[in-house]
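[1] I need the structure of the sequence given here:
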Amino acid sequence: MGLDTALGSLLAAFGLSGAAGLNAWLPLLASALLARLDIVELAAPVDDLTSTPALVLLGVLTAADFVGDKIPVVDHVLHLVGTIVAPASGAILFAGQTGLETDLSTLVAVLLGGVTAGSIHAGRAAVRPVSTATTAGLGNPLVSLVEDAGSLLLVIAAFVLPVLALILVLALAVGLALMWRRFRRVTRLR
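    Sure thing, here's the model as predicted:
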């Protein structure tokens with residue numbers, strides 16, 4: 001295992017877990033599908049998701065989340081469920097990406113993945129009410145599409161250019177924090 005391979009794997013893991021914070025199911029489906037097609041190699045537990053039944057289930061969950069997140073009220077329920085699902089997805093993806101190429105313990109990988117995905121999801125869930133309040137919910141489907149596209153972009157970056165994936169995750173975290181601070185400041189002034 002070379003240093004470049006281990007570092008790339010670690011950077012990609014941050015990208016994948018960040019993607020899970022935006023959309024918990026899409027990165028799992030994409031990673032499992034790419035592993036099934038032998039385009040990427042992932043360690044357990046993601047490699048267990050390459051079976052046909054697992055891919056079908058992930059496809060259904062991804063589609064349900066994609067559609068449900070565009071529907072008022074349903075989107076808020078999904079964000080509540082995502083409080084548990086997103087960190088779990090991030091943990092699985094982080095461990096699956098780093099398990100073959102690094103000496104990182106599984107526990108540390110699970111914690112890093114869960115915290116990364118959980119932080120992005122928390123920021124996303126905190127900012128979404130801003131869209132609801134300022135657009136009467138009409139902007140939420142567009143915000144959801146942007147989140148889905150961001151998740152897909154992070155997955156692609158994680159496998160193609162891992163350093164970009166890390167930069168995007170950091171920029172996303174800072175952006176979400178700044179948006180939340182600005183909203184809090186504006187609401188306090190009113």
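[2] Scan the helices and strands of this protein for the one with the lowest mean pLDDT.
    For the chain, counting by mean pLDDT, DSSP states H and E, helix 162-189 ranks last in confidence among helices and strands (a mean of 88).
[3] buried ones in that one?
    Judged by neighbour count using 16 or more other CB atoms under 10 Å, the buried positions of helix 162-189 are Pro162, Leu164, Ala165, Leu166, Leu168, Val169, Leu172, Ala173, Leu176, Phe183. No exception for glycine: its C-beta is placed from N, CA and C like everyone else's.
[4] got it, and stretch 84-94?
    By 16+ other CB under 10 Å, the buried positions in stretch 84-94 come out as Val85, Ala86, Pro87, Ala88, Ser89, Gly90, Ala91, Ile92, Leu93, Phe94.
[5] Within the helices and strands, which one has the closest residue to Leu176 other than its chain neighbours?
    Leaving aside its sequence neighbours, Leu176 sits nearest to Gly123 (CB to CB, 6 or more residues apart in numbering; 3.1 Å). Following DSSP states H and E, one finds Gly123 within helix 106-135.
[6] got the contact list for stretch 103-118?
    Contact with stretch 103-118 is made by 1, 6, 10, 13-14, 16-18, 20-21, 24, 83, 86-95, 98-99, 169, as judged by CB atoms under 8 Å, 6 or more residues apart in numbering.
[7] now swap in stretch 56-69 and tell me
    23-26, 28-29, 32, 49, 74-75, 77-78, 144, 147-148.
[8] Of those, keep whichever come out buried.
    Neighbour counting by 16+ other CB under 10 Å classes 23-26, 28-29, 32, 49, 75, 78, 144, 147-148 among those as buried.
[9] who does the host helix or strand of Ile84 touch, helix- and strand-wise?
    Taking DSSP H and E as the criterion, Ile84 maps to helix 74-98. Here helix 74-98 touches helix 3-22, helix 26-36, helix 52-68, helix 106-135, helix 140-160, going by 3 or more CB pairs under 8 Å, 6 or more residues apart in numbering; DSSP states H and E.
[10] give the contact list for the residue nearest the centre of the chain.
    Nearest to the geometric centre of the chain sits Ala20, at 1.6 Å (CA atoms, centre = their mean). Applying CB under 8 Å, 6+ apart, we find Ala20 in contact with Pro27, Leu28, Ala86, Pro87, Ser89, Gly90, Leu93, Gly113, Ala117, Ile120, His121, Ser151.
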